[in-house]
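Enquirer: got a predicted structure plus its sequence, pasted below:
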Amino acid sequence: MKEPVGISVAICTHNHVELLKPTLEALAQQIDVTTEQWELLVVDNASSDDTRTVVLAFCEAHSRALDTKYVQEPTLGVSFARRRAIEVSKFDLIAFVDDDCITEPDWVSQALVFGMKHPEAGAYGGQVALEWHREPSPVIRRYSGFLAQQLRGVEAHCVPYEYIVGAGLVMRSAAISASGWLTSARFTSRRGASLSSGEDGELVVRIRKAGYQIWYNPAMRIRHVMPAYRGQARYMARLRRSIGHVGPTLEAIRGDGKSTFDLVRDARSCALCVARVTLSLAVGRWSYSRLTRDSLLVSLAGFMGDLEGIVLRLTPWVWDRPIWPRVVPSRIGKAVSRPPSTVIMDASCAQWSQEAHGGLGSDARLESPPSLE
């Protein structure tokens, strides 16, 4: 049984130790929340770099200020790491912060207070702004939404239809259980360097179908760090193609999937677009500017991903074949055999405090989390 008052913040990481360091330090600076009201979980998803050493050193350095756990998940894949976090978390609210995100000092307290005020919210997220290491091209700026940028205004509101991004996504364990995702998820999301996606959208869709609301809370602010390689057209093309794979299946899970006739018609349109863009790239290879070539490359990848996604929807029996390596749905109804959870460190510490952070200003900030007494 999960504790009702409090929040577990989980970071699922794989070989991102340099990006992980500032993420951990930002969470160590949280204010307006006590040790009894939250815990920090770091799930090491089969990392081969110095992740374990760095995380354990962080735990030791902050042993008097943070309740931390370092957990190992040997099965590669974000969905497996998230399941492990859900298993070992002690609070009903669980937040997933990407290992390349920087939380504002009041992020945890804002997430906790919002969850306590809105029990009808099965999942909610906040502002996510992109922070680039190197200025990207205008082509990449155009696709910021695919990089988990989320700016939906300054007022908290229910999101009745759209998806919310996975960076900083907070969910209730009860809502996750009710959604059926733990036993019948269709997407395993990213595995190592793979850019396969769909898990975040599936979680949101399933939680909404289970009768919970999805909310956006702008008081929860995150900066999503973008290394230079994510500003390259080839990376965006890979990402755009992988996202296209999951669209039709997510629509079907949501309950508003298209008919077979409409899917075939869309597949024909996508195939024609692939042919046109490919021809344009071939003809104008030496005459087009780099921006034009990059734009065409990302567009081509998008049409190819959409076409492949339609084929996957129409012919689900090909899902397990190697020709579709980026979408690997879990087998419905079959439990995944994995070793038991390995908790390396569980450092419970005394209450601590820091000076209040100005943040959004007193008129935009929520009050402190409720006392446990």
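Expert: Yes, it's here.
Enquirer: which residue ranges form the strands in the stretch 201-350 of the chain?
Expert: 213-226, 342-347 (DSSP state E, counting those that start in this stretch).
Enquirer: and the contacts of stretch 261-277?
Expert: 248, 258, 296, 299-300, 303-304, 306-307, 310-311, 313-314 (C-beta atoms under 8 Å, 6 or more residues apart in numbering). C-beta: built from backbone N, CA, C; applies to glycine.
Enquirer: highest mean neighbour count out of the strands of the stretch 201-350 of the chain?
Expert: strand 213-226 (a mean of 21; mean count of other C-beta atoms under 10 Å).
Enquirer: thinking again about what came up before, among the contacts of stretch 261-277, which ones are buried?
Expert: Buried subset of the contacts of stretch 261-277 (neighbour count, 16 or more other C-beta atoms under 10 Å): 248, 296, 299-300, 303-304, 306-307, 310-311, 313.
Enquirer: between the two ends of stretch 145-165, how far is it?
Expert: 9 Å (C-alpha to C-alpha, to the nearest Å).
Enquirer: name the residues of that stretch that are buried.
Expert: So stretch 145-165, judged by 16+ other C-beta under 10 Å, has buried residues 146-150, 152, 156, 159, 163-165.
Enquirer: try stretch 108-118
Expert: Buried residues in stretch 108-118 (16+ other C-beta under 10 Å): 108-116.
Enquirer: for residue 269, see how far away the nearest residue to residue 235 once chain neighbours are set aside is.
Expert: Leaving aside its sequence neighbours, residue 235 sits nearest to residue 229 (C-beta to C-beta, 6 or more residues apart in numbering; 5.7 Å). Distance of residue 229 to residue 269, computed by C-beta to C-beta, to the nearest Å: 32 Å.
Enquirer: in terms of neighbours, single out the busier of those two.
Expert: Neighbour tally, residue 229 and residue 269, criterion other C-beta atoms under 10 Å: the higher count belongs to residue 269, 14 against 10.
Enquirer: how much space separates the nearest residue to residue 33 once chain neighbours are set aside from residue 32?
Expert: In space, and not counting its chain neighbours, residue 33 is closest to residue 109: 4.3 Å by C-beta to C-beta, 6+ apart. Using C-beta to C-beta, residue 109 is found at 4 Å from residue 32.
Enquirer: just the helices in the stretch 101-250 of the chain please.
Expert: 107-117, 138-142, 173-179, 181-184, 199-209, 233-254 (DSSP state H, counting those that start in this stretch).
Enquirer: show me where the stretch 101-250 of the chain dips below the pLDDT cut-off.
Expert: Flagging of the stretch 101-250 of the chain using pLDDT under 70 yields the residue ranges 188-197.
Enquirer: 50 instead?
Expert: Residues of the stretch 101-250 of the chain that meet the criterion pLDDT under 50 are absent altogether.
Enquirer: and for the stretch 251-373 of the chain?
Expert: 319-373.
Enquirer: buried set for stretch 133-146?
Expert: Buried-residue list, stretch 133-146, by 16+ other C-beta under 10 Å: 136, 139-140, 143-144, 146.
Enquirer: what about that stretch, start to end distance?
Expert: Across stretch 133-146, first to last residue, C-alpha to C-alpha, it's 17 Å.
Enquirer: how far off centre is that stretch?
Expert: 19 Å (C-alpha atoms, centre = their mean, to the nearest Å).
Enquirer: any residues touching that stretch, and which ones?
Expert: With C-beta under 8 Å, 6+ apart as the contact definition, stretch 133-146 has outside contacts at 130, 225-228, 230-233, 236, 239-240, 243, 291, 294-295, 298.
Enquirer: any of those residues buried? List them.
Expert: Buried subset of the contacts of stretch 133-146 (neighbour count, 16+ other C-beta under 10 Å): 130, 225-226, 230-231, 233, 236, 239-240, 243, 294-295, 298.
Enquirer: which of these lies closest to residue 179?
Expert: Taking C-beta to C-beta as the measure, residue 179 lies nearest residue 243 of those, at 21.3 Å.
Enquirer: could I have the CA atoms of stretch 51-65 written out in CSV?
Expert: Provided in CSV are the C-alpha atoms of stretch 51-65 (Å, rounded to 0.1, in the frame of the first residue of the first chain):
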residue,chain,number,x,y,z
THR,A,51,26.4,6.0,-13.4
ARG,A,52,26.5,3.8,-10.4
THR,A,53,29.7,5.5,-9.0
VAL,A,54,28.3,9.0,-9.5
VAL,A,55,24.9,8.2,-8.0
LEU,A,56,26.2,6.5,-4.9
ALA,A,57,28.6,9.4,-4.4
PHE,A,58,25.7,11.8,-4.7
CYS,A,59,23.7,9.7,-2.2
GLU,A,60,26.5,9.8,0.3
ALA,A,61,27.1,13.5,-0.1
HIS,A,62,23.4,14.3,0.5
SER,A,63,22.7,11.6,3.0
ARG,A,64,21.6,14.2,5.7
ALA,A,65,19.2,16.0,3.3
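Enquirer: avg pLDDT for it?
Expert: For stretch 51-65, the mean per-residue pLDDT is 94.
Enquirer: in it, which residues are buried?
Expert: 51-52, 54-55, 58-59, 62, 65.
Enquirer: so what's residue 73 up against?
Expert: 12, 43-46, 80-81, 84, 338.
Enquirer: where neighbours are concerned, which of these has the most?
Expert: Among these, residue 43 has the most neighbours (other C-beta under 10 Å), with 28 neighbours.
Enquirer: note down every partner strand of the host helix or strand of that residue and its orientation.
Expert: If you go by DSSP states H and E, residue 43 is part of strand 38-44. Sheet neighbours of strand 38-44, with direction, are listed as strand 3-13 (parallel), strand 68-72 (parallel) (DSSP bridges).
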